[in-house]
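K.L.:
compute the structure for the input listed below.
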Amino acid sequence: MSSIKLELDGAEMMARKRLARRIVDFETIYVLSRDDRKGYLLLLALEEEQWRILESVSLDHDKNRMEELHEMPIDKAGIEAIRMALKHWSAEKTPGRPAKYDPNREGQEIFVYHVYGGKPIRDIAKEFHMGPATVQKLLNKVRFQVADRFVSGELPLSPEAPNYEKNVAVLRWAVKNSKGEEKARYADFLKNVLSNI
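P.N.:
Numbers count the residues shown, from 1 in each chain. Prediction:
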C-alpha cells in the first residue's frame, strides 16, 4: 500500500462535509475503494497510531439527504488482514481486459488442428469465431507449453513416437522464438534428440 493525499474538489467538499472536516486529522490515508457513480468512498486512515476504516456515502442532495460517514477503529490484526487482502487482490488483478480464451481449452484445440491437422490459421479463426491474431497468440502459448513438456520428459519424443517430425518442428519453433536461457535449454534438448537418431 502507498500513502495518497486525498484530494476533494469544491463540489465533493460540499457533498462530503463530514469527511472533509475529519480528514485533516489523519497522518496517512489510503483509498481502498471508490465508486464516483454511487458516491461511495472507502478509506483506511491513520490517526495518532490508531488505524481506522472510514466509509463515506454522498447521498442525493436534491432530496435533502446528506452524506453518511461511518468510522470504525481497527487493531493490528485487522490491518494485517487488510494488507494481505490488498496484496492478494493486486496480485490477481491484471492490466487490461480479462482473457476471453483459455490456452488450456481453445489453445489446445487450435494447436492440434494447426500442428497435427495442418489446418490454416485463417480457417481456424473462422471456425472459432476469433481473429487470426488471437489464434496465433494462443497457438504460440501452447507451442511453448508443449516444448516445455518435451524438455521435462512429460511427453515422449522418439522417432517411434507418433507425429515425431511435427513434434521436432514444435521444438525448432521454440528455439527460434525464444531468448537467453530458454533458447539454450530448447536448443540443447533438440540437439540431444537429433543426435540420438
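K.L.:
phi, psi of M72?
P.N.:
Dihedral angles of M72 (phi, psi; degrees, to the nearest 10) stand at phi -140, psi 120.
K.L.:
and it, how far from L54?
P.N.:
Noted for M72: a distance of 8 Å to L54, by C-beta to C-beta, to the nearest Å. The way it works is simple: take the backbone N, C-alpha and C, and place the C-beta from them, glycine included.
K.L.:
now do the phi/psi pair for the nearest residue to E27 once chain neighbours are set aside.
P.N.:
The shortest distance from E27 to any non-neighbouring residue, by C-beta to C-beta, 6 or more residues apart in numbering, is to L46 (5.0 Å). L46 adopts backbone torsions of phi -110, psi 130, taken as degrees, to the nearest 10.
K.L.:
for L46, what are its contacts?
P.N.:
Contacts for L46 (C-beta atoms under 8 Å, 6 or more residues apart in numbering) come out as F26, E27, T28, I29, R52.
K.L.:
just the residues you listed: which are in strands?
P.N.:
Secondary structure from DSSP state E places T28, I29, R52 of the contacts of L46 in strands.
K.L.:
in JSON lines: these, plus distance to L42 and neighbour count.
P.N.:
Shown next, in JSON lines, are those (distance: C-beta to C-beta, whole Å; neighbours: other C-beta atoms under 10 Å):
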{"residue": "T28", "distance to L42": "15", "neighbour count": "14"}
{"residue": "I29", "distance to L42": "11", "neighbour count": "17"}
{"residue": "R52", "distance to L42": "11", "neighbour count": "17"}
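K.L.:
would you turn the residues you listed into a markdown table with pLDDT?
P.N.:
Below are those laid out as a markdown table (pLDDT from 0 to 100):
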| residue | pLDDT |
| --- | --- |
| T28 | 80 |
| I29 | 80 |
| R52 | 83 |
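K.L.:
quick check, nearest of the residues you listed to L194?
P.N.:
T28 (61.2 Å; C-beta to C-beta).
K.L.:
next one, pLDDT for the closest residue in space to that closest one that isn't next to it in sequence please.
P.N.:
Spatial nearest neighbour of T28, chain neighbours left out: L46 (4.3 Å); criterion: C-beta to C-beta, 6+ apart. You'll see L46 listed with a pLDDT of 81.
K.L.:
and if you look at P103?
P.N.:
In this model, P103 is scored at 65, pLDDT.
K.L.:
point out where this protein drops to low pLDDT.
P.N.:
Applying pLDDT under 70 to the chain picks out residues 1-15, 60-65, 79, 81-104, 197.
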